[in-house]
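# Quick one, fold the following:
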Amino acid sequence: RYDAAHIARLRMRENKGILILGSATPKVETYYRSVIGKSTLLKITERANNAILPEVSVVDMRLEISGGNKSIFSSELKSKMLQAFSKNEQVILFLNRRGYHGFFLCRDCGHVPQCQACSISLTHHSANKSMICHYCGKMYHIPKVCPKCNSSRIGGFGAGTQQIEEICHTEFPGKKVLRMDQDTTTGRTSHERILQEFESGNVDILIGTQMIAKGHDYGNVTVVGIIAADMMLGVPDFRASERTFQLITQAAGRAGRVRQLPVVDVAA
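Take a look at the predicted model:
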C-alpha cells in the first residue's frame, strides 16, 4: 500500500512539476503546509451552479429514545424522507458499517467473538448467515451459545447497512431501495450498474458506506441521512475525529446540488 498524494508529491519534486490537491475536506497536515507557506491555498467559495449549501440538522438520538422512538431513524429524518418521496425526490442514507450487526456480544459474560487470526470483532452478515472478519475475510458460524460461558443470551449489536436496508423496506413499503457497499460491489460492473440505476430515478433510497459519500452529483437527491454519526468517533485511530468530520461533510454535500434542501445528521 502507498499514499497516492505522497507519491505524487515526490514525483512532482523529481520532475519539477506542479501538484494540485483538490478536496472539500483536506487533511490537517495538507492544510498546515499551506499555512506555513510550503503550499499555496486556493479557496473555492461557491458551489457549482450557484447551489446553496444544504441545511444540516443534528439529532440527539438519546432524546428520541426517551421520547418513545425506538427506531434507528429519528422522527425528523423519517418526516424529511416522506416529504421527499411525496415530491418524487430521492434519499441517500449513509452508514459507515457494512453487514447486518456490527458485532456479537454475550449479555451474561460480555464475551465478543473475534477472528482467530486478526483478533478483531466479527461482523454479522445476514446474506450468508455467518460472521465475517473484515480484515482477512474468514467466515465463522453464528454461535447459538456463548463459546466462553455457554449462555444462550448472545446476539448481535449495532446496525449495519444490511439492517438499514431491511428497516427501509419495513418503514417505507413500496419504495425501491439499493445498497452500495463492499458486499454488493464485488462484480466488475457493480458500481456502474448501481449508480446508473440510482441516476435513472427508479430508485428512491440509496444506502451505503463511505463509497457513496463523495464524488456523486445527483440533482434529485434532497435528503441525506447520516446514521449513527458519532459511531465513527470510537474507532481506535488518532485520525478518527478528522475522518468523521470529513465523511460527514462529504456525505452532507450529496444533497441540494441544485437548490437549498435539508440534510439530517443522525447522531446516536
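# what's around the nearest residue to residue 211 once chain neighbours are set aside, how many residues?
Excluding its sequence neighbours, the residue lying closest to residue 211 (CB to CB, 6 or more residues apart in numbering) is residue 180, at 6.1 Å. Glycine gets a C-beta too; all of them are placed from N, C-alpha and C. Here the number of neighbours of residue 180 (other CB atoms under 10 Å) works out to 22.
# cool, and residue 165?
So residue 165, with other CB under 10 Å, has 20 neighbours.
# Next up, the contacts around it.
177, 179, 207 (CB atoms under 8 Å, 6 or more residues apart in numbering).
# a helix runs through residue 218, doesn't it?
No: counting by DSSP: H, G, I helix; E, B strand; the rest coil, residue 218 is not part of a helix but coil.
# Contact partners for it?
Taking CB under 8 Å, 6+ apart, one finds 90, 198, 199, 254, 257 in contact with residue 218.
# Recalculate using a threshold of 10 Å.
By CB atoms under 10 Å, 6 or more residues apart in numbering, the residues touching residue 218 are 90, 92, 195, 198, 199, 201, 206, 254, 255, 257, 258.
# Quick one: list the elements packing against the one helix or strand the third one maps to.
So the one you mean is residue 195. Using DSSP states H and E, residue 195 falls within helix 190-199. Where contact means 3 or more CB pairs under 10 Å, 6 or more residues apart in numbering; DSSP states H and E, helix 190-199 is packed against strand 90-94, strand 177-180, strand 205-208.
# related to what we said a few turns ago, make a PyMOL selection of whichever of the contacts of residue 218 turn out to be buried.
Restricted to buried positions by 16 or more other CB atoms under 10 Å, the PyMOL selection for the contacts of residue 218 reads:
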select buried, resi 90+92+195+198+199+206+254+255+257+258
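# Show me the two of the contacts of residue 218 that sit farthest apart.
Spatial extent of the contacts of residue 218 (CB to CB) is set by the pair 195 and 258 at 17.9 Å.
# Could you list the low-confidence segments of the stretch 101-250 of the chain?
The stretch 101-250 of the chain contains residues with pLDDT under 70 at 234-236.
# Distance to residue 8 for the helices and strands packed on helix 190-199 - can I get that in TSV?
As requested, the helices and strands packed on helix 190-199 are exported to TSV (distance: least, CB to CB, whole Å):
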stretch	distance to residue 8
strand 90-94	28
strand 177-180	28
strand 205-208	27
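# Among the ones you listed, which comes closest to residue 217?
Using CB to CB, the helices and strands packed on helix 190-199 put strand 90-94 closest to residue 217, at 11.9 Å.
# Report the mean confidence score over that closest one.
Mean pLDDT, computed over strand 90-94, is 92.
# And that strand, what does it pack against?
Other elements packing on strand 90-94 under the criterion 3+ CB pairs under 10 Å, 6+ apart are helix 75-86, helix 161-171, strand 177-180, helix 190-199, strand 205-208, strand 221-226, helix 240-252, strand 262-267.
# And those: which comes nearest residue 110?
Among the helices and strands packed on strand 90-94, helix 161-171 comes nearest to residue 110, with 22.3 Å by CB to CB.
# and of the helices and strands packed on strand 90-94, who's closest to residue 99?
Nearest of the helices and strands packed on strand 90-94 (CB to CB): helix 161-171, 5.9 Å.
# Flag every buried residue along that closest one.
Quick answer for helix 161-171 (16+ other CB under 10 Å): 161, 162, 163, 164, 165, 167, 168.
# Grab the nearest non-local neighbour of the fifth one.
With CB to CB, 6+ apart as the criterion, residue 165 has its nearest non-adjacent residue at 4.8 Å, and that residue is residue 179.
# So the one you found sits against residue 162, correct?
Yes: using CB atoms under 10 Å, residue 179 is in contact with residue 162, at 7.2 Å.
# returning to what we had before: can I get the helices and strands packed on strand 90-94 in TSV including distance to residue 96?
Formatted as TSV, those follow (distance: least, CB to CB, whole Å):
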stretch	distance to residue 96
helix 75-86	17
helix 161-171	9
strand 177-180	13
helix 190-199	18
strand 205-208	9
strand 221-226	9
helix 240-252	6
strand 262-267	13
